[in-house]
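In: this one's structure only:
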């Protein structure tokens, strides 16, 4: 399976038309419904999306309908320095998700990327900047400001107090200056000005936070907020995700749940996907045994399998520390989840005749299949590369 899905024939035709005859491509796009335009953008290669967006008659409406991660991939392709118009049409939830996916390095915000994202939001205009600042947790904003400025509070009743050299103020109470010599504070000043003018209490919270809040404690709270939001998008905390690599001893690998046969692996309903729904090759001649077995499931169980498998892929992405804001990460996690879960399925099926792989799949949680496959790969380093 390729790292990114191959565009469908209609999408390929429109992409070709966009390259050879833009007026004709624009005319064809006008015939599509909003849902079809959203699908076209998401099914197009990330590198081609800016061209498609430029041709859309209602780009803002399409942007607002993109899954969060797809917007993140598209913005990065355009470049954060030029992404203001895209982010102007994004919802508050999309903006925050972009930062959650791409502006972190492990357990702490990546100060440089966080700054680039906030500057891109500022380029989208004051209204978008205010929306984004209000939607993001205050701790992340405080961390952004702490990295750029130091803040001084004028002592009450001290008329002889002089602000530090180079400090500037918006209201005569809080003064701020750049932490690093030569740092251009234009975007920081714009953020503070918007907050002061339109949300004074958030402005006050930010300035006090830069002065008094401890770095470590602020990072811990920012991580908590981000972790909760990512869980809503199907990404578990890493301390939970790494459990899928817990070693299964050889004598335990073939064991099946003692309960009666049921769709144990699929006790999951549909949930909000941050990426465009991928087309998994659940077919009788699929490369991976997992998908060949799933092809024989009843339709309702296949749908539940689909969401359960994507949950597994998200867990793999988190456990492997794949950059969630990278367009190649989830497809790579899907490939790995399919390969190792198939190896685990083959191992258990071979040890439990006459049950076929589909019945094993119905009775065994996907995380268990993956753990068995990962354990096989640890015993034989190239086992994970074997596909059934």
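Out: Received it, and whenever you're ready, just let me know what you need. Please read these numbers as outputs of a predicted model, since none were measured by experiment.
In: helices or strands next to the lowest-mean-pLDDT helix or strand in the chain in the packing?
Out: None of the helices or strands of the chain scores lower by mean pLDDT, DSSP states H and E than helix 9-20, at a mean of 86. Packed against helix 9-20 by the contact rule (3 or more C-beta pairs under 8 Å, 6 or more residues apart in numbering; DSSP states H and E) you find helix 22-30, helix 34-43, helix 49-55. Every C-beta, even on glycine, is put in place using the N, C-alpha and C of the backbone.
In: With distance to residue 350, mean pLDDT and mean neighbour count as new columns, can those be given to me in TSV?
Out: Listed next are the helices and strands packed on helix 9-20 as TSV, based on distance: least, C-beta to C-beta, whole Å; pLDDT from 0 to 100; neighbours: other C-beta atoms under 10 Å:
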stretch	distance to residue 350	mean pLDDT	mean neighbour count
helix 22-30	51	91	14
helix 34-43	38	91	19
helix 49-55	44	91	18
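In: quick one: low-confidence ranges for this structure?
Out: 1-6, 259-270, 381-388 (pLDDT under 70).
In: Identify each buried residue in stretch 205-214, please.
Out: The neighbour-count check on stretch 205-214 (16 or more other C-beta atoms under 10 Å) flags 205-207, 209-210, 213 as buried.
In: Show me which of the residues you listed is closest to residue 190.
Out: Residue 190 has its nearest neighbour among the buried residues of stretch 205-214 in residue 206, at 13.3 Å by C-beta to C-beta.
In: Make sure that closest one is indeed in a helix.
Out: Yes. Assignment of residue 206 by DSSP: H, G, I helix; E, B strand; the rest coil places it within a helix.
In: Quick check, it in contact with residue 195.
Out: Yes. Between residue 206 and residue 195 there is a contact under C-beta atoms under 8 Å: 6.5 Å.
In: Now do the shared contacts for the two.
Out: Common contacts of residue 206 and residue 195, defined by C-beta atoms under 8 Å, 6 or more residues apart in numbering, are absent altogether.
In: out of the buried residues of stretch 205-214, what pair is the most spread apart?
Out: It's 207 and 213 that sit farthest apart of the buried residues of stretch 205-214, by C-beta to C-beta, at 10.8 Å.
In: What ranges does the protein have for its strands?
Out: With DSSP state E as the criterion, the chain has strands at 104-105, 108-109, 149-153, 168-169, 174-178.
In: possible to save the ones you listed as CSV with mean neighbour count and distance to residue 336?
Out: As requested, the strands of the chain are exported to CSV (neighbours: other C-beta atoms under 10 Å; distance: least, C-beta to C-beta, whole Å):
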stretch, mean neighbour count, distance to residue 336
strand 104-105, 17, 22
strand 108-109, 20, 26
strand 149-153, 18, 42
strand 168-169, 14, 51
strand 174-178, 21, 44
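In: Identify whichever of those strands lies nearest to residue 237.
Out: Closest among those, using C-beta to C-beta: strand 104-105, at 12.8 Å.
In: quick one: strands adjacent to the closest one?
Out: Applying DSSP bridges to the sheet, strand 104-105 is found paired with strand 108-109 (antiparallel).
In: isn't residue 195 right up against residue 133?
Out: Yes. Using C-beta under 8 Å, residue 195 is in contact with residue 133, at 6.3 Å.
In: Now list whatever residues contact both of these two.
Out: Applying C-beta under 8 Å, 6+ apart, one finds that residue 195 and residue 133 are jointly contacted by residue 202.
In: picking up where we left off before, could I get the strands of the chain in JSON lines, plus columns for distance to residue 185?
Out: JSON lines is the format used below for these (distance: least, C-beta to C-beta, whole Å):
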{"stretch": "strand 104-105", "distance to residue 185": "23"}
{"stretch": "strand 108-109", "distance to residue 185": "19"}
{"stretch": "strand 149-153", "distance to residue 185": "7"}
{"stretch": "strand 168-169", "distance to residue 185": "8"}
{"stretch": "strand 174-178", "distance to residue 185": "5"}
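In: Go through the least confident helix or strand of the chain and flag the buried ones.
Out: Buried-residue list, helix 9-20, by 16+ other C-beta under 10 Å: 11, 14-15, 17-18.
In: With stretch 157-174 instead?
Out: Buried-residue list, stretch 157-174, by 16+ other C-beta under 10 Å: 167, 170, 174.
In: repeat for stretch 73-92
Out: Result for stretch 73-92 [16+ other C-beta under 10 Å]: buried residues 73-78, 80, 83-84, 86-91.
In: For that stretch, measure first residue to last.
Out: Taking C-alpha to C-alpha, to the nearest Å, the first and last residues of stretch 73-92 lie 17 Å apart.
In: partners of residue 105 in the sheet?
Out: With DSSP bridges as the criterion, residue 105 is bridged to residue 108.
In: With residue 322 as the reference, measure out to it.
Out: Per C-beta to C-beta, to the nearest Å, residue 105 is found 13 Å from residue 322.
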